[in-house]
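**Q** using only what follows, build the 3D model:
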Amino acid sequence: MAVTTRRTGRKQALIIAACAALSAGSLWASDAHWIDSAGGIWTDASKWSNTDVPDAAAENAILDAAGTYAVTSYFPLSIGDLTIQTATAELKLQMSGSGAYAFNSISNSGTITLDAPAPLSP
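**A** Numbering: from 1, shown residues only. This next block holds a predicted model:
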């Protein structure tokens with residue numbers, strides 16, 4: 001009695017695994033690290049590790065540069081996760097005009113300041 005093996009199932013599994021690995025980057029958020037210990041404006045791409053300003057739900061922002069500094073955002077912002085790892089770092093969120101700040105999650109070891117025009121309504 002001859003025994004035959006089917007390799008098509010194994011090949012299909014390998015092809016599916018390869019496709020999943022290639023597309024995985026688009027499924028997970030990318031991390032951008034603040035790299036300027038002098039602080040600055042959120043929208044300055046040169047201040048971020050990947051020179052891409054975090055400004056989308058699939059992007060995470062991590063303020064972990066050493067030093068005492070402030071990062072200021074003047075625009076409504078919606079990103080994935082916000083992490084402030086440096087205790088002496090400050091994120092200043094300036095509220096002007098319409099829009100909102102939205103974060104999937106926040107982990108804060110520093111300071112977050114909201115500067116809103118008066119009066120604020122509940």
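**Q** all the helices of this protein, residue numbers only.
**A** 8-27 (DSSP state H).
**Q** work out which residue lies at the spatial centre of it.
**A** Asn60 (0.9 Å; CA atoms, centre = their mean).
**Q** wait, that residue touches Trp48, no?
**A** No: applying CB atoms under 8 Å, one finds Asn60 not in contact with Trp48, separated by 11.2 Å. Every C-beta, even on glycine, is put in place using the N, C-alpha and C of the backbone.
**Q** give me the common contacts of those two.
**A** 32, 54 (CB atoms under 8 Å, 6 or more residues apart in numbering).
**Q** low-confidence ranges in this structure?
**A** Counting by pLDDT under 70, the chain contains low-confidence ranges at 1-28, 97, 117-122.
**Q** burial count for Val71?
**A** Other residues lying near Val71 total 22 when counted by other CB atoms under 10 Å.
**Q** residues contacting it?
**A** Val71 touches 34, 39-42, 47, 63, 89-92, counting by CB under 8 Å, 6+ apart.
**Q** what pairs with the nearest residue to it once chain neighbours are set aside across the strands?
**A** Of all residues beyond its chain neighbours, the one nearest Val71 is Leu91 (5.3 Å), with distances taken as CB to CB, 6 or more residues apart in numbering. Taking DSSP bridges as the rule, Leu91 bridges to Val71, Ile112.
**Q** now Ile84
**A** Those that pair with Ile84 in a beta bridge, by DSSP bridges, are Leu63, Asn108.
**Q** so it sits right up against Gly110, yeah?
**A** Yes: using CB under 8 Å, Ile84 is in contact with Gly110, at 4.0 Å.
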